[in-house]
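Pasting the sequence and the predicted coordinates here, then a few questions.
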Amino acid sequence: MKKEFFLSLILFFWCFTSISNAQTAAISSEKRAIIAEIIIITKADKNAAETMKTVSAQMNEAMPSIMKQILGEQKNLTAAQKADLEAELSEKSADFSKRFDEKFFKIIDFQEFIEMSFYPLYDKFFTEAELKDLLAFYKTSTGQKLNAVMPQLAGEAVRLSNEYLLPKINDVIAQLIKEDAEKLKKNPPAPKPKSEK
């Protein structure tokens, strides 16, 4: 459950930010003006907020099945105990998710987020001529469609990544734990010397 939440956040921020060390003040005024126009035409602040809401909704939707799977693996609980615990955790999870969303979206300033991430990234990865090409593309109907579906596209990418990657991550973790356990059986650590007082 926690792994999925953190992986989703990592994927979200990896898709939309890789904040460079470059300062926005170092961007030329001409380049800054083009980036500003790209941000306006793509509604980057609105799309960033919508993408985060989509990711959050998908994580909240996935929580019950994740909890059910985790509880199903518990051998020390009866079916009735598992059902009770699942109901309690679902209720707490829904309340926690609601409270998290309320607080998170109050404290995040998406304009500041854009200033800290998009300006340095566009400056770092695109020349002024390339930015003009991007702006021309975003003014086309295809560019506008890309812009309109970007939050859903990012949300679906996170969901599909979770479906594909999480089982593989779990398998690798299980294999590593098994390997380490086998090493410990073959070569147990030396007993620690008793400290003298």
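That came through, no problem. Because the structure is predicted, anything quoted here is derived from the model rather than measured.

measure residue 154 to residue 52 for me?
9 Å (C-beta to C-beta, to the nearest Å). All C-beta atoms are positioned from the backbone trio N, CA, C, and that covers glycine.

Same question for residue 104.
According to C-beta to C-beta, residue 104 and residue 52 sit 8 Å apart.

same check, this time on residue 189
With C-beta to C-beta as the criterion, residue 189 and residue 52 are 45 Å apart.

wait, residue 35 sits on residue 131?
Yes. Assessed by C-beta atoms under 8 Å, residue 35 is found in contact with residue 131 at 6.4 Å.

to the chain's geometric centre, what's the distance from the host helix or strand of residue 171?
Here residue 171 sits within helix 141-186, counting by DSSP states H and E. Distance, stretch centre to chain centre, for helix 141-186: 10 Å (C-alpha atoms, centre = their mean, to the nearest Å).

Likewise for stretch 177-188?
Offset of stretch 177-188 from its chain centre (C-alpha atoms, centre = their mean): 33 Å.

Ok, stretch 36-55 next?
16 Å.

So which bits of it are buried?
37-39, 41-42, 44-45, 47-52, 54-55 (16 or more other C-beta atoms under 10 Å).

Repeat that for stretch 135-149.
Within stretch 135-149, the residues scored as buried using 16+ other C-beta under 10 Å are 135, 138, 143, 147.

ok, and what's touching it?
Residues from elsewhere that reach stretch 135-149 (C-beta atoms under 8 Å, 6 or more residues apart in numbering): 34, 37, 38, 41, 42, 43, 47.

avg pLDDT for that stretch?
Stretch 135-149 shows a mean pLDDT of 93.

what's the answer for stretch 81-97, then?
78.

Output that stretch as PDB, nothing but the C-alphas.
Taking Å, rounded to 0.1, in the frame of the first residue of the first chain, the C-alpha atoms of stretch 81-97 are listed here in PDB:
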ATOM      1  CA  GLN A  81     -10.800 -10.900  11.700                       C
ATOM      2  CA  LYS A  82      -9.600 -10.200   8.200                       C
ATOM      3  CA  ALA A  83     -13.000  -8.900   7.300                       C
ATOM      4  CA  ASP A  84     -13.200  -6.700  10.400                       C
ATOM      5  CA  LEU A  85      -9.700  -5.300   9.800                       C
ATOM      6  CA  GLU A  86     -10.400  -4.700   6.100                       C
ATOM      7  CA  ALA A  87     -13.500  -2.700   7.000                       C
ATOM      8  CA  GLU A  88     -11.700  -0.700   9.600                       C
ATOM      9  CA  LEU A  89      -8.700   0.000   7.400                       C
ATOM     10  CA  SER A  90     -10.900   1.000   4.500                       C
ATOM     11  CA  GLU A  91     -12.700   3.500   6.600                       C
ATOM     12  CA  LYS A  92      -9.500   4.900   8.000                       C
ATOM     13  CA  SER A  93      -7.900   4.900   4.500                       C
ATOM     14  CA  ALA A  94     -10.800   6.800   3.000                       C
ATOM     15  CA  ASP A  95     -10.700   9.400   5.800                       C
ATOM     16  CA  PHE A  96      -6.900   9.700   5.600                       C
ATOM     17  CA  SER A  97      -7.000  10.100   1.800                       C
END
